[in-house]
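> Could you look at this predicted model? Sequence included:
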Amino acid sequence: MFPWSWRIAALTVLAALCFAGWQWWQWQHWTPERSEFPYQGVEIGERDGAVDFRALRAIHADFVYLEASDGRSARDPSFAQNLDRVRESDLPFGVIHSYDPCVSAEVQAANFVTIVPRAASSLPPAIELDRLADDCPQNVSDAAVESELTTFLNQIEGHVGQPAILKISPSFEERYNIATRIDRNLWLTRDWFQPDYAGRPWTLWTANAQLRNAASDMPVRWIVAQP
């Protein structure tokens, strides 16, 4: 027989593991309180697999952002299919372009306007800013990153007819301070806690990047909006 001290220690460890498992389950299924943030949605791309857009309504998604174009010429392979399905669901939606600082503004804008139909979205387009210019084949200065991004924004905003949202990662903001240099609404990311790394209020917040849900087989990125 094990001594009582060993039994107590084993029970303590088991209880701690059970609590950690329960807490992890809670985090995976957590969304912010609707009383504080009544308008919430989801980001969808190829990585999310087959998504039932009508079922998104059942888990109380109010809007959808679709990954669309990427850099010079890439596009999300699921975009066309997701675009058709989200239109059928009548959910408000917007699109996301993943910005590549190694590629000129004109080339990226051409990719965006080729993929995203004019006025295709009722929500402002989002420009994802995550990649740094450090690994570009040719040197791109920090000033050039800002200048080219401004040109890109002007070109795609002329296409969609409304200002874009800057979806800025912490590492991109730390390097370029874009939130203080370019006056656009912000989309920030931080699991479970409100982000403050941009130095000014956010409009969209990815609050849970691994939300387990009934609308897709894979976890999705859950977004919160505020005026």
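Here it is on my side, so go on.

> what about Leu149, how many neighbours?
Residues near Leu149, counting by other Cβ atoms under 10 Å, number 21. Placement of C-beta: from N, CA and C, glycine included.

> Now name the helix or strand holding it.
In this structure, Leu149 sits in helix 142-160 according to DSSP states H and E.

> Identify the residues contacting that helix?
Outside helix 142-160, the residues that touch it by Cβ atoms under 8 Å, 6 or more residues apart in numbering are 97, 99, 101, 104-106, 108-109, 112-113, 116, 118-121, 124-125, 127, 129, 133, 140, 163-164, 175-176, 178, 181-182, 184.

> what do you get if the cut-off is 6 Å, keeping everything else the same?
Helix 142-160 is touched from outside by Pro101, Ala105, Gln108, Ala109, Phe112, Val113, Pro125, Ala133, Pro163, Ala164, Tyr176, Arg181, with contacts defined as Cβ atoms under 6 Å, 6 or more residues apart in numbering.

> all helices in this structure, in order from the N-terminus.
Shown for the chain, the helices assigned by DSSP state H span residues 4-28, 53-58, 79-89, 105-115, 142-160, 170-176, 178-181.

> dump the residue contacts of Ala105.
For Ala105, the contacting residues are Glu148, Thr151, Phe152, by Cβ under 6 Å, 6+ apart.

> Adding neighbour count, write those residues out as TSV.
Compiled in TSV, those are given as follows (neighbours: other Cβ atoms under 10 Å):
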residue	neighbour count
Glu148	20
Thr151	15
Phe152	22
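
> so which of those comes closest to Ile59?
Phe152 (33.8 Å; Cβ to Cβ).

> Kindly provide the distance from the nearest residue to that closest one once chain neighbours are set aside to Ile127.
Ranked by Cβ to Cβ, 6 or more residues apart in numbering and with sequence neighbours excluded, the top spatial neighbour of Phe152 is Ala105, at 3.8 Å. In this structure, Ala105 and Ile127 are 11 Å apart, going by Cβ to Cβ, to the nearest Å.

> same check, this time on Phe63
From Phe63 over to Ile127 the distance is 17 Å, taken as Cβ to Cβ.

> In terms of neighbours, single out the busier of these two.
Set side by side, Phe63 and Ile127 show more neighbours around Ile127, with 25 against 19, by other Cβ under 10 Å.

> give the contact list for the more buried one.
Under the criterion of Cβ under 6 Å, 6+ apart, the contact list for Ile127 reads His97, Tyr99, Ala164, Leu166.

> burial count for Ser73?
Using other Cβ under 10 Å, Ser73 has 13 neighbouring residues.

> mind starting the numbering at 13 from now?
Sure, I'll start numbering at 13, so the last one becomes Ser85.

> can you list the contacts of Ala117 in TSV and add distance to Met230?
Written out in TSV, the entries for the contacts of Ala117 read as follows (distance: Cβ to Cβ, whole Å):
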residue	distance to Met230
Glu160	33
Thr163	35
Phe164	30
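
> So which of these is the closest to Ala92?
When the contacts of Ala117 are compared for distance to Ala92, the smallest value, 22.7 Å, is given by Phe164; criterion: Cβ to Cβ.

> Show the pLDDT at that closest one.
Model confidence at Phe164, expressed as pLDDT, equals 98.

> Now tabulate the contacts of helix 154-172 in TSV and tack on distance to Asp82 and pLDDT.
Supplementary listing: these in TSV, determined by distance: Cβ to Cβ, whole Å; pLDDT from 0 to 100:
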residue	distance to Asp82	pLDDT
Pro113	13	97
Ala117	15	97
Gln120	9	98
Ala121	13	97
Phe124	10	97
Val125	14	95
Pro137	13	96
Ala145	16	96
Pro175	21	96
Ala176	15	97
Tyr188	19	97
Arg193	23	96
